[in-house]
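>>> Build me a model from this:
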Amino acid sequence: MADKTLVCKDCSKDFVFTEGEQEFYKEKGFDNEPQRCVDCRRARKQQNDRGFRR
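Residues are numbered from 1 along each chain as shown. A predicted model of the protein is given here:
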């Protein structure tokens with residue numbers, strides 16, 4: 001496996017899906033590659049967490 005350059009579906013920036021991340025995804029049984037860069041994933045997670053906090 002080699003590093004892959006993907007495009008974030010939220011911000012349209014290129015990001016690298018490293019060989020190590022690919023191994024992790026394979027080990028966890030994930031079939032799909034990530035669609036968002038790290039920054040957009042973090043922002044989305046924070047946005048989702050806010051809705052559940054009291």
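
>>> burial measure for Arg36, as a count.
Neighbourhood size, Arg36 [other Cβ atoms under 10 Å]: 19. All C-beta spots, glycine's among them, are computed from the backbone N, C-alpha and C.

>>> let me fix that: Lys45
Neighbours of Lys45 under the rule other Cβ under 10 Å: 11.

>>> now Cys37
21.

>>> That one against Lys13, yeah?
Yes: Cys37 is in contact with Lys13 according to Cβ atoms under 8 Å; the separation is 5.9 Å.

>>> mind checking the SS state of the nearest residue to Arg41 once chain neighbours are set aside?
Sequence neighbours aside, Pro34 is the residue nearest to Arg41 in space, at 7.1 Å (criterion: Cβ to Cβ, 6 or more residues apart in numbering). Three-state call for Pro34 (DSSP: H, G, I helix; E, B strand; the rest coil): coil.

>>> what sits against Pro34?
Counting by Cβ atoms under 8 Å, 6 or more residues apart in numbering, Pro34 makes contact with Leu6, Phe17, Glu21, Tyr25, Arg41.
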